[in-house]
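# This is a predicted model, with the sequence first.
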Amino acid sequence: MANPTLEPGLVVAGHGRHVLVETPDGQRLICHPRGKKSQTVVGDRVLWQATEDEGTIEKVLPRSNLFYRQDEIRTKSFAANLDQVLVLIAAEPEFSESQLSRALIAAEAEKIKPIIALNKSDLTEPFGRAWERMGVYRDMGYSVVPLALKPKLEGIAATELAALMPLLAGKTTLVLGPSGSGKSTFINRLLPGAQVLTQEISTALNSGKHTTTSTSLYWVDAAKTTAVIDSPGFQEFGLNHIEPMHLASLMPDIKAQAGDCKFYNCTHLHEPGCGVLRAIQAEGVRTISANRFKIYGDLFAELSQKRY
């Protein structure tokens with residue numbers, strides 16, 4: 001039985017060692033982790049204890065998942081207890097398919113459903129090329145949604161988000177996107193008061209104007225059944241936490257052919273009797289694109305490097 005002085009809460013924002021916790025009745029207060037290292041991320045359900053006008057995180061309740069990236073220097077946790085991840089990319093400037101694949105692999109590793117939103121559908125030619133590139137992802141079963149977000153448009157344009165809203169309803173969604181994808185426009189269109197909220201959170205957490213370095217959860221509806229989590233933009237997405245031999249199982253197009261391999265420990269790069277290589281070399285309709293196979297090979301090599 002829990003200590004009666006401990007209160008439940010939801011972490012709705014974080015910056016450095018400070019987090020903002022929302023109580024069941026909607027109040028928000030700054031909390032600090034107990035100990036030197038913060039293990040708390042946005043989306044965590046916690047038990048906290050009041051300390052004067054602030055609080056101390058006493059316990060992080062078990063998570064259903066944790067979405068994060070890891071390179072050789074550090075681990076960056078985005079959010080916990082997610083229903084899905086929305087990866088927002090744009091037709092122009094041209095998006096990196098390697099970067100997109102990395103985000104999808106990280107989601108697959110945590111069994112979090114990914115959705116891809118392709119922005120700038122109003123740019124006919126660039127969007128046409130980008131939509132064609134996304135064909136392999138649609139074939140893999142990913143939801144790919146077209147968007148045309150206009151940065152200078154005032155208020156909410158229902159048609160802009162009409163295709164996406166049913167996918168967000170009743171879910172907690174982390175929104176990811178590199179610079180230039182339109183992520184800020186998306187958040188502000190979905191939540192007209194997001195800029196004000198962000199400034200309030202930034203002030204509360206004493207992070208000044210550096211709002212892009214913090215992660216925040218916003219409720220989309222009054223009933224608080226639909227939430228979006230806005231995260232800092234990223235240019236790199238390390239996957240050092242993924243074992244190279246586990247990589248194929250996290251890429252649906254590779255995984256679909258890997259079951260036909262002769263050897264159980266096949267790397268899908270050079271072995272005889274490899275189902276993946278057979279699919280790559282087959283004439284006619286390819287089930288694995290050359291670009292996706294290159295991404296797999298590059299990632300396998302990257303993850304196989306031993307660091308001491």
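Nice, I can see it.
# The stretch 151-300 of the chain: helices as residue ranges?
158-161, 165-168, 183-190, 194-204, 252-258, 275-281, 290-304 (DSSP state H, counting those that start in this stretch).
# so which of those gets nearest Thr40?
Among the helices of the stretch 151-300 of the chain, the nearest to Thr40 by Cβ to Cβ is helix 194-204 (15.2 Å). From N, CA and C alone the C-beta is placed, and that goes for glycine too.
# Pro8 contacts Asp44, doesn't it?
No: using Cβ atoms under 8 Å as the test, Pro8 is too far from Asp44 to be in contact (11.3 Å).
# Pick out whichever of the two has more residues nearby.
Shown here are Pro8 and Asp44; by other Cβ atoms under 10 Å, Asp44 has more neighbours (23 against 14).
# quick one: contacts for the more buried one?
Listed by Cβ atoms under 8 Å, 6 or more residues apart in numbering, the contact set of Asp44 reads 10-11, 60-61, 63, 80-81.
# hang on, isn't Ser231 packed against Val175?
Yes: shown here, Ser231 and Val175 form a contact pair, counting by Cβ under 8 Å, at 6.7 Å.
# So if I had to pick from these two, which one is more boxed in?
Each of Ser231 and Val175 has its neighbours counted (other Cβ under 10 Å); Val175 has more, 23 against 20.
# nearest residue to that one other than its sequence neighbours?
Nearest non-adjacent residue to Val175, counting by Cβ to Cβ, 6 or more residues apart in numbering: Leu86, 4.9 Å away.
# now do Glu7
Take Glu7 and drop its neighbours on the chain: the residue closest to it by Cβ to Cβ, 6+ apart is Trp48, 5.6 Å away.
# Output the below-cut-off pLDDT ranges for the protein.
1-4, 36-38, 151-159, 193-213, 284-285, 306-308 (pLDDT under 70).
# what residue of it is the furthest out?
Ranked by distance from the centre of the chain (Cα atoms, centre = their mean), the top residue is Pro272, with 36.4 Å.
# shouldn't that one be in contact with Lys262?
Yes: if you go by Cβ under 8 Å, Pro272 and Lys262 touch, sitting 6.6 Å apart.
# correct me, but Ala117 touches Ala148?
No: using Cβ under 8 Å as the test, Ala117 is too far from Ala148 to be in contact (10.8 Å).
# neighbour count winner among the two?
Between Ala117 and Ala148, counted using other Cβ under 10 Å, the more crowded position is Ala117 (25 against 16).
# how close does that one sit to Arg129?
For Ala117, the distance to Arg129 (Cβ to Cβ, to the nearest Å) stands at 17 Å.
# Can you give the distance from stretch 177-188 to the centre of its chain?
Between the centre of stretch 177-188 and the centre of its chain there are 13 Å (Cα atoms, centre = their mean, to the nearest Å).
# buried ones in it?
177-178, 181-188 (16 or more other Cβ atoms under 10 Å).
# ok, so of these, who is nearest Pro244?
For these, the nearest to Pro244 is Pro178 (24.7 Å; Cβ to Cβ).
# And that closest one, how far from Phe78?
Pro178 is 14 Å from Phe78, where distance means Cβ to Cβ.
# Go ahead and measure how far the helix or strand containing the residue nearest to Val175 is from the middle of the chain.
Assigned by DSSP states H and E, Leu86 belongs to strand 84-90. Remark: strand 84-90 is offset 7 Å from the chain centroid, using Cα atoms, centre = their mean.
# Next: stretch 268-288.
Offset of stretch 268-288 from its chain centre (Cα atoms, centre = their mean): 30 Å.
# How about stretch 251-268?
Taking Cα atoms, centre = their mean, one finds the center of stretch 251-268 at 26 Å from the center of the full chain.
# Can you give me the buried ones in that stretch?
Buried residues in stretch 251-268 (16+ other Cβ under 10 Å): 251-258, 261, 266-268.
# Using CSV, write down the CA coordinates of that stretch.
Written as CSV, here are the backbone C-alpha positions of stretch 251-268 (Å, rounded to 0.1, in the frame of the first residue of the first chain):
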residue,chain,number,x,y,z
MET,A,251,12.4,-3.3,-40.7
PRO,A,252,9.2,-4.9,-42.1
ASP,A,253,10.3,-5.2,-45.7
ILE,A,254,13.6,-7.0,-44.6
LYS,A,255,11.8,-9.1,-42.0
ALA,A,256,9.3,-10.4,-44.6
GLN,A,257,12.0,-12.0,-46.6
ALA,A,258,14.4,-13.0,-43.7
GLY,A,259,12.3,-16.0,-42.8
ASP,A,260,13.4,-17.7,-46.1
CYS,A,261,17.1,-17.6,-45.2
LYS,A,262,19.1,-20.9,-45.1
PHE,A,263,21.0,-20.0,-41.9
TYR,A,264,19.3,-18.9,-38.7
ASN,A,265,22.1,-16.4,-38.0
CYS,A,266,22.1,-14.8,-41.5
THR,A,267,23.2,-11.2,-41.6
HIS,A,268,21.4,-10.7,-45.0
